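> kindly return the folded structure for what I paste below:
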Amino acid sequence: QVQLVESGGGLVQPGGSLRLSCAPSGRTFTRYFMGWFRQAPGKEREFVASIRWSAGTTLYADSVKGRFTISRDGAKSAVDLQMNSLKPEDTAVYYCAANSNFNTRDPRSSHEYDYWGQGTQVTVSS
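Modelled structure (predicted):
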């Protein structure tokens, strides 16, 4: 069984920063991509960022480009999401996801991911 354990959510004022982290535990698996998604109340889950594990290539949603940075920590096998210049519309539950499919076509699609974390709440409010 693979588990993804997220940490780092919380309450922050607009313009502030938060750093999320996600580390796998349990059974080892080959990962090709890791990603972050988010879901706000009453909305569908949406793509935030992804990283190709071997090459470090990143993708971002337009809404977070230039403000968020996804990175990998090989020593911890963790993936981090540094979130700067946070806005109220960034408020959501953030989910970490891992993909073990060599033939991934679109890492922005939630359907490409095999394992999910439990989610961590990020609230941006004054």
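> okay, now the unreliable bits of this protein?
By pLDDT under 70, the chain has no low-scoring segment.
> rerun that using 80 as the cut-off
Where the chain drops to pLDDT under 80, the residues are 74-76.
> all strands of it, in order?
2-7, 10-12, 18-26, 33-39, 46-52, 58-60, 68-73, 78-83, 92-99, 115-116, 120-124 (DSSP state E).
> adding distance to Arg108 and mean neighbour count, write those out as a markdown table.
All C-beta spots, glycine's among them, are computed from the backbone N, C-alpha and C. As requested, the strands of the chain are exported to a markdown table (distance: least, Cβ to Cβ, whole Å; neighbours: other Cβ atoms under 10 Å):
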| stretch | distance to Arg108 | mean neighbour count |
| --- | --- | --- |
| strand 2-7 | 18 | 17 |
| strand 10-12 | 25 | 14 |
| strand 18-26 | 17 | 18 |
| strand 33-39 | 8 | 23 |
| strand 46-52 | 4 | 21 |
| strand 58-60 | 6 | 17 |
| strand 68-73 | 12 | 18 |
| strand 78-83 | 15 | 22 |
| strand 92-99 | 11 | 23 |
| strand 115-116 | 15 | 18 |
| strand 120-124 | 20 | 18 |
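> now the residue most central in space within the chain. Nearest residue, chain neighbours left out?
The chain has Trp36 as the residue nearest its centroid, 1.9 Å off, counting by Cα atoms, centre = their mean. Nearest non-adjacent residue to Trp36, counting by Cβ to Cβ, 6 or more residues apart in numbering: Val48, 4.3 Å away.
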